[in-house]
Structures are given as C-alpha cells and as structure tokens.
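Visitor: Coordinates only, no sequence provided:
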DNA sequence: CAGTGGTCTAGACCACTGG
DNA sequence: CAGTGGTCTAGACCACTGG
C-alpha cells in the first residue's frame, strides 16, 4: 500500500508527464489538494514539498505552486539512473535492449574490470529514450562475481544501474568525459545522422569489494547535456 | 528569527562540525530531540529529515538516526587553471590571446552574467596550447563590477581564471558539459579539421556578491578528456 | 517487549502576494 | 482583503529493529 502523500505525488507527476500540467502552470493549492484527495493539509503539503525538492515544482509564498521548466541536464556529481532522471524531468522514459549476453573479456575490458583476459563477463547494450528520442546508448560490462543473476534481469523495466546498486551497493565511481564522433553502429542505435558529435562518458562503478561494472554511455550532443554545481 | 527546526539543524550540524558527533554516531531520537528543544516531534523530525536529505544523517526505521560518513567531494571539477593543469602533467604551456576588449552585452550574455542587455562587459578569447597543440579555446565574459582592471592584464603570463580568483574569490560555480561540432572559426583557432567533435564546457563563476564571469571552454575531442572520481 | 522511525490528522498562527 | 505558502502543535496508529 502506497502512502497517501506518494499517491498525490504520483498523480501530479502523471499530469506533468502527460502535459495536462505544463511548465509554468499553477498547480492546485495545498488546501485544494487536501480537499481533493481527502487528506490533511500537512499531507498534501508533503507531496508538494518533495516535488519541489526534486526540482519538479517551484513554490512562492503568497503566489502558489507552479510546474518548473526543466532543461534536460544531469549532474556530474551524482550517479542517477537514467530513467529516474528522465521521469524527474516529467518526460516519458522508454528503452530498447539491443544485447544481453556473456562474452569473454578482451584486453581492454579485462583491464577496466580488473579481471583476467578471457574471463566470462556479462554484457548489455541498451538504448534509452526520452519522449521517444534516443538520449543514451549504454554499453555495459559486468563482473559476474558481484552480480551472478545479472543476465536474468528484465532491463525493460529496470536499469542496469538500479539493479546493480541493489545487489552491490555503490561505494565509488570514476569516469572520463569526452567528445567523440559516433560510429555507424552508434549513429543507428541513437537514430542520429552520421558524423554527429556525441558526449561519451566512460564510467567504472565500485562496490566495497571491487569493480562491479564498466559502462560506456554515449549521448547525442544535441540532445543531452551534463550540468553541475560546485560550492567552495 | 530563525525557525525552530532550523535551530535544531544548526545545533546538530555544529556538533558534527566540531566532532562532538562523529560519523557513525547515533544522534538523539525524534522524541528525545523534541523534549530537549521543547518542540513537537514533527518539528524535531523535520530537522532530521532535512539533514538526511542533505546526506548528513542516515535513518533506519527501528534503529535510529546516525551521522553519515559522507565526505564532501568535488574532485571531478576542482576548478584548476589550465596552465597549472598542463604544467602538472610535465608538459609545456603556451597561449595566444585572440581578443581582449569590451563589448555591449547581447541577450545571451546578459542572461548568463546577470546584467542588463547593452551593459558594457569585458571579453577575452584565448587559445591554450599543451606541447604546442591547442587544447582549449577559452571565450570569457566578465562583469566589470567585479574586476574593473581585467582588460589591463597581460594574459600571456597569467590566465583569466588565476587573475579573477585573486580579485574576486570564487564561492560557487556551475557548468554545462556537452558535445558539439566546432564552427569554422573555432576549428581554425584550435587548428583542427572542420567537423571535429568538441567538448564544450560552459561555466559561470560566482563570488560572494554575484556572477563574476561566464566562460565557454571548447576542447578538441581527440585532445582533451575530463576525468573524475566519486566516493560515496 | 520497548524504542525507533514512517505516516497522518485537524487544528493554529504567521508572512507574504495580489487586487 | 482573501488566498497562498511557512511553521508548528499534540496527539494517533503503524512497521520495523533489537533484545
């Protein structure tokens, strides 16, 4: 059973996803929501507060609560699952699993995963779509020692990231960010024209006992940006 | 007058900063805090909830609330001056100042710098070379209010970054990273062939009183990568 | 079992915004 | 002024953890 404040959040995010509520629109006031959902104002307020914290709504005292205008952007300082990120922007998330198999590690993969060359490792390749547009081609290699049931998962409903963080909690990550030209295969998988610049993030994720996975995340340059904020 | 929940937050963070409470320590329960501070449990709870959201505390139902051993990190984008970065790699650093002038802010520049359209702002454009190869084209706009003598500097010997951090100490920064195609002018300034993917970092730097500068840093995809490491 | 956090209520007073 | 969000109370019942 879902909590009532969570139901209200879900109702609101659904309205935002389906564009019933658009950026800039005013959402019902706390009192109105409380009445509509038959809850106390504190409960309605909690739903709004969490959505404000998530950046989906913006509140102004005396004025009301409004749908925030979200530019697609992800933070470099946190590792969020791509589907959460997209949903948080109020957009629809879909994906397409291209490959899900085990392979024998070649030299590059072995080095990155910290295993012997020839070790059987898991490989998945998934395209992630935001509002129907491909925004990420994820090519991931996983050390079976940390996630023996990885290949049995259904990655249309969950992401590799989400699954792995459950079975092997993240303790560290490192990454390299660069700009590259998409190969022909990549252009096709992302439905972009050839010779398009792409943002490539190569990331290793660690759990307490070692390197869990190594992922190459490729994003069309014109559809994806990474953002960040630093305080000193 | 500070809100009561904020006072409780301040009291707890102060105890953590002064190591009265260390990572892993259990903090007072919601009921205990409510009694100590003479507030309702909901108010004590709010203080804890916000600290949990900020990553400072960790809560487990039935167990209690604990100080997180989350250490603030920002290794990914410590803002280092490009010449320091290059010298640290043991390579030679040179540059070429392309432009150094004042311009009237157009709409984009005005928005990014937080000034009125048409305000006179400073503009510099510099190409940075590592071992003779262009690795960054820096196009920077500066708010004269924070650095009135910016244009009089000799940027062959110091970088804009270094100079600005002296006259207006950095307190914050934000940035957007994306992959783009170099324009013809940019290709020439970076001595790369046309249609090369480039890593574009758009960064605003803040001092205590406002936005000091806005820079567009363009790097040839095949000569520059950004790296980072995260601990959880 | 006693203690913890998780959710929720039905009130209250306040500060702020627009008209 | 009426309406909004911001804070707070003093209760309640629940699910969960350890002993």
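Guide: Received it, and whenever you're ready, just let me know what you need. A quick note: this is a predicted structure, and the numbers were derived from the prediction, not measured.
Visitor: For the rest of this, base every contact and every neighbour count on C-alpha atoms.
Guide: OK.
Visitor: ok, which stretches of chain A are strands?
Guide: With strands called from DSSP state E, chain A shows them at A:26-27, A:57-60, A:64-67, A:74-75, A:93-104, A:120-130, A:133-142, A:172-181, A:197-207, A:210-220, A:226-231.
Visitor: Pick out the shakiest of the ones you listed, pLDDT-wise.
Guide: Ranked by mean pLDDT, these bottom out at strand A:74-75, which scores a mean of 46.
Visitor: just to revisit the earlier point, save the strands of chain A as TSV, and put in mean neighbour count too.
Guide: Converted to TSV, the strands of chain A look like this (neighbours: other Cα atoms under 10 Å in any protein chain shown):
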stretch	mean neighbour count
strand A:26-27	18
strand A:57-60	17
strand A:64-67	20
strand A:74-75	18
strand A:93-104	16
strand A:120-130	22
strand A:133-142	23
strand A:172-181	23
strand A:197-207	24
strand A:210-220	24
strand A:226-231	17
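Visitor: looking at these, which is closest to DNA strand C?
Guide: strand A:57-60 (6.9 Å; Cα to the nearest atom of the strand).
Visitor: Tabulate the strands of chain A (TSV), appending distance to DNA strand C.
Guide: Formatted as TSV, the strands of chain A follow (distance: least, Cα to the nearest atom of the strand, whole Å):
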stretch	distance to DNA strand C
strand A:26-27	13
strand A:57-60	7
strand A:64-67	9
strand A:74-75	25
strand A:93-104	25
strand A:120-130	28
strand A:133-142	32
strand A:172-181	24
strand A:197-207	24
strand A:210-220	28
strand A:226-231	26
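Visitor: Turn those into JSON lines, including distance to residue B:103.
Guide: Compiled in JSON lines, those are given as follows (distance: least, Cα to Cα, whole Å):
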{"stretch": "strand A:26-27", "distance to residue B:103": "39"}
{"stretch": "strand A:57-60", "distance to residue B:103": "35"}
{"stretch": "strand A:64-67", "distance to residue B:103": "36"}
{"stretch": "strand A:74-75", "distance to residue B:103": "32"}
{"stretch": "strand A:93-104", "distance to residue B:103": "43"}
{"stretch": "strand A:120-130", "distance to residue B:103": "39"}
{"stretch": "strand A:133-142", "distance to residue B:103": "37"}
{"stretch": "strand A:172-181", "distance to residue B:103": "30"}
{"stretch": "strand A:197-207", "distance to residue B:103": "31"}
{"stretch": "strand A:210-220", "distance to residue B:103": "33"}
{"stretch": "strand A:226-231", "distance to residue B:103": "27"}
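Visitor: Would you mind splitting chain A into its domains for me?
Guide: Chain A breaks down into these domains under automatic domain parsing: A:4-67, A:74-227.
Visitor: And these: which comes nearest chain B?
Guide: Among the domains of chain A, domain A:74-227 comes nearest to chain B, with 4.1 Å by Cα to the nearest Cα.
Visitor: centre of the chain versus the closest one, how much separation?
Guide: 10 Å (Cα atoms, centre = their mean, to the nearest Å).
Visitor: Next up, the contacts around the closest residue to residue A:113 other than its chain neighbours.
Guide: Spatial nearest neighbour of residue A:113, excluding adjacent residues (Cα to Cα, 6 or more residues apart in numbering or on different chains): residue A:211 at 5.9 Å. Going by Cα atoms under 8 Å, 6 or more residues apart in numbering or on different chains, residue A:211 touches A:113, A:114, A:143, A:204, A:205.
Visitor: what about 7 Å?
Guide: By Cα atoms under 7 Å, 6 or more residues apart in numbering or on different chains, the contact set of residue A:211 is A:113, A:114, A:204, A:205.
Visitor: Likewise for residue A:164?
Guide: Residue A:164 touches nothing, counting by Cα under 7 Å, 6+ apart.
Visitor: go on, residue A:196?
Guide: Contacts of residue A:196 were listed using Cα under 7 Å, 6+ apart, and they are A:181, A:182.
Visitor: Phi and psi next, for it.
Guide: Residue A:196 has phi and psi values of phi -90, psi 140 when expressed as degrees, to the nearest 10.
Visitor: how near is the spatially most central residue of chain A to residue A:114?
Guide: Centroid-nearest residue in chain A: residue A:82, 1.3 Å away (criterion: Cα atoms, centre = their mean). Distance, residue A:82 to residue A:114, by Cα to Cα, to the nearest Å: 25 Å.
Visitor: Contacts only, for residue A:92.
Guide: By Cα under 7 Å, 6+ apart, the residues touching residue A:92 are A:17, A:86, A:130, A:131.
Visitor: how close does it sit to residue A:15?
Guide: 12 Å.
Visitor: likewise residue A:62?
Guide: Taking Cα to Cα as the measure, residue A:62 and residue A:15 are separated by 24 Å.
Visitor: Neighbour count: these two, which is higher?
Guide: More crowded of residue A:62 and residue A:15, by other Cα atoms under 10 Å in any protein chain shown: residue A:15, with 14 against 6.
Visitor: and that one, what pLDDT?
Guide: Model confidence at residue A:15 (pLDDT) stands at 90.
Visitor: same thing with residue A:78?
Guide: On pLDDT, residue A:78 comes in at 56.
Visitor: same deal with residue A:152?
Guide: Per-residue confidence at residue A:152 stands at 87 (pLDDT).
Visitor: any idea how far it is from DNA strand C?
Guide: For residue A:152, the distance to DNA strand C equals 31 Å [Cα to the nearest atom of the strand, to the nearest Å].
Visitor: Same check on residue A:191?
Guide: For residue A:191, the distance to DNA strand C (Cα to the nearest atom of the strand) stands at 40 Å.
Visitor: and the residue nearest to that residue when sequence neighbours are not counted, bridged to which residues?
Guide: Computed as Cα to Cα, 6+ apart, the closest residue to residue A:191 that is not its neighbour in sequence is residue A:134, at 6.8 Å. When bridges are called by DSSP bridges, residue A:134 pairs up with residue A:129.
Visitor: which ones are touching the closest residue to residue A:94 other than its chain neighbours?
Guide: Spatial nearest neighbour of residue A:94, chain neighbours left out: residue A:129 (5.1 Å); criterion: Cα to Cα, 6+ apart. When contacts are counted by Cα under 7 Å, 6+ apart, residue A:129 touches A:93, A:94, A:95, A:135.
Visitor: repeat that with 10 Å
Guide: For residue A:129, the contacting residues are A:82-83, A:86, A:91-96, A:135-137, A:190, by Cα atoms under 10 Å, 6 or more residues apart in numbering or on different chains.
Visitor: Relative to residue B:154, which of the contacts of residue A:211 is nearest.
Guide: Closest approach to residue B:154 among those (Cα to Cα): residue A:204, at 41.5 Å.
Visitor: beta partners of that closest one?
Guide: Counting by DSSP bridges, residue A:204 is bridged to residue A:174, residue A:214.
Visitor: Give the full set of residues in contact with it.
Guide: By Cα under 10 Å, 6+ apart, residue A:204 lies in contact with A:112-113, A:140-142, A:172-176, A:211-216, B:229.
Visitor: try residue A:14
Guide: By Cα under 10 Å, 6+ apart, the contact list for residue A:14 reads A:8, A:20, A:21, A:87, A:90, A:91, A:92.
Visitor: run the last query once more with 6 Å
Guide: Shown in contact with residue A:14 (Cα atoms under 6 Å, 6 or more residues apart in numbering or on different chains): no residues.
Visitor: Done for today, thanks.
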